[in-house]
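Colleague: Fold the following, please.
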Amino acid sequence: QAQLVESGGGLVQAGGSLRLSCAASGRTFSSYDMGWFRQAPGKEREFVALIRWIGTTVYADSLKGRFTISRDNAKNTVYLQMHSLKPEDTAVYYCAGGTSGDLLRGRAGSWGQGTQVTVSS
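Modeller: Prediction:
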């Protein structure tokens, strides 16, 4: 299983932007589908987006247009660019790796430790 390390979280004002990064270990990163999830306080973890190894993407309907997932296989890194952030986007954001089928079911072979994103009003 790959080890995943997220970075890029922080405090941002509403309307601002952040880019999260997830660095993966291992030489097979390019063959993994990768995803982002988030969990707000008192809420269940929810799917944000995934990018398949071939580069196609899937987004949570509520986040389309504001969030963009991408990957750089040469750097073993997946990104989540977030724009027009809202206070309700406040959550711990987790990177995950696995198959797209599992990711869409909230399952993954590997999880990162999470990075906190806080959006102030």
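Colleague: S21 and G42: what is the separation?
Modeller: Remark: distance between S21 and G42 (CB to CB, to the nearest Å) = 27 Å. Quick note: C-beta positions are derived from backbone N, CA and C, even for glycine.
Colleague: again, but for L104
Modeller: 24 Å.
Colleague: Same question for stretch 17-28: list its buried residues.
Modeller: L18, L20, S21, C22, A23, A24 (16 or more other CB atoms under 10 Å).
Colleague: sorry, that was for stretch 6-15
Modeller: E6, G8, G9, V12.
Colleague: circling back: tell me which of L104 and G42 has more neighbours.
Modeller: Using other CB atoms under 10 Å, the more surrounded residue of L104 and G42 is L104, with 14 against 5.
Colleague: State the distance from the more buried one to E46.
Modeller: Taking CB to CB, one finds L104 at 12 Å from E46.
Colleague: ok, now which ones touch N73?
Modeller: Residues in contact with N73 (CB atoms under 8 Å, 6 or more residues apart in numbering) are F29, S30.
Colleague: For it, grab phi and psi.
Modeller: Backbone geometry at N73, expressed as degrees, to the nearest 10, gives phi -70, psi -30.
Colleague: Could you list every helix and strand in contact with the helix or strand hosting C95?
Modeller: Element membership of C95, judged by DSSP states H and E, is strand 91-98. Helices and strands touching strand 91-98, as assessed by 3 or more CB pairs under 8 Å, 6 or more residues apart in numbering; DSSP states H and E, comprise strand 4-7, strand 18-24, strand 33-39, strand 110-111, strand 115-120.
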